[in-house]
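> Predicted model follows, preceded by the sequence.
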Amino acid sequence: MSIFIGGTEITDIQIGSTAINSVYVGANKVWDRSLDTQTVTVGEYSSGNIRGYGFGFTTGGSISDGTSNMFSGAAYVQIDTLADISNGQGWIVQLGINGTHPNSGWTTMTIDGVAFNRADISFHSQPSGITNWVWSDAPRPQTNPFGTTVGATKQVVFT
Amino acid sequence: MINYETRQDGDVTFATFTREGTYFEVPTVAGQTEEEIQAAIQTSLDTYDLIQEMQGD
């Protein structure tokens, strides 16, 4: 969730020199400090009924700055979505980071305002040296959080 | 039937196992039966295979 003053989003809250990491309203957490923020320029993959959007195996996708603050500057390999558009089973959302990393260090990935929780998903670390988090189990999101506009930019925030 | 171990991460328990060199963690839900956990693991493996197929890996 975001906090705004007027139309300006607040990304840093400090009391004196002490950084505040979370804000609650009553028992409800309404804000977490971002661990990392990336800007993804949406690329597209198309083969038969398979479509993909975001950055990774798409054509034209890119990411800025492309290195993870959660994992000591390791490179993002993919933040993308994938679906077989013929079966209506929804979108698989994938995060891939170069190197072998533990399934920890962050809680939520938010793509253009849509939150995906690490605790809800499968994790795998491949012998090729890529670590993936995959949101795939039913119900998959029916709406692609990256949209389908190639060249659009989407903010991805990790908390 | 996949043999697995478990790892606690806060409120979540992950079923952990390795298949063909790839290490997996699959979230489980409190109260799930063994049959339901095996089904969740199989779904995760099926999705992994589907992604490899979709991406042409």
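That came through, no problem. Numbers count the residues shown, from 1 in each chain, chains lettered A, B, ... in the order given.

> Contacts for the worst-scoring helix or strand of chain A on mean pLDDT next, please.
The least trusted helix or strand in chain A, going by mean pLDDT, DSSP states H and E, turns out to be strand A:8-10, with a mean of 83. Strand A:8-10 is contacted by residues A:2-4, A:31 when judged by CB atoms under 8 Å, 6 or more residues apart in numbering or on different chains. To be clear about C-beta, it is placed using only N, CA and C from the backbone, and glycine gets the same treatment.

> partners of it, with directions?
Partners of strand A:8-10 in the sheet, by DSSP bridges, are strand A:3-5 (antiparallel).

> avg pLDDT for the strand it pairs with?
Here strand A:3-5 scores 85 as its mean pLDDT.

> List the contacts of that strand.
Contacts for strand A:3-5 (CB under 8 Å, 6+ apart): A:9-10, A:13, A:23, A:30-31.

> Which among those count as buried?
With burial judged by 16 or more other CB atoms under 10 Å in any protein chain shown, the buried subset of these is residue A:31.

> so where is chain B shaky, pLDDT-wise?
Scanning chain B for pLDDT under 70 picks out the ranges B:56-57.

> Kindly recompute the last result at 80.
By pLDDT under 80, the low-scoring segments of chain B are B:54-57.

> can you give me the helices for it?
B:34-54 (DSSP state H).

> who in it is up against chain A?
B:9-12, B:14, B:21-27, B:40, B:43-44, B:47-48, B:50-51, B:54-56 (CB under 8 Å from any CB of the partner chain).

> Buried ones only from those, please, as a PyMOL command.
For the buried members of those, the matching PyMOL selection, counting by 16+ other CB under 10 Å, is:
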select buried, chain B and resi 12+14+22+23+24+25+26+27+40+44+47+48+51+54+55
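
> From residue A:53, how far off is residue A:64?
Going from residue A:64 to residue A:53 by CB to CB, to the nearest Å gives 17 Å.

> repeat for residue A:93
Note on residue A:93: its distance to residue A:53, by CB to CB, is 10 Å.

> so how many other residues sit close to residue A:74?
Look at residue A:74: counted by other CB atoms under 10 Å in any protein chain shown, it has 17 neighbours.

> wait, isn't it in contact with residue A:67?
Yes: with contact defined as CB atoms under 8 Å, residue A:74 counts as touching residue A:67 (6.8 Å).

> and for the two, which residues touch both?
In contact with both residue A:74 and residue A:67: no residue, using CB under 8 Å, 6+ apart.
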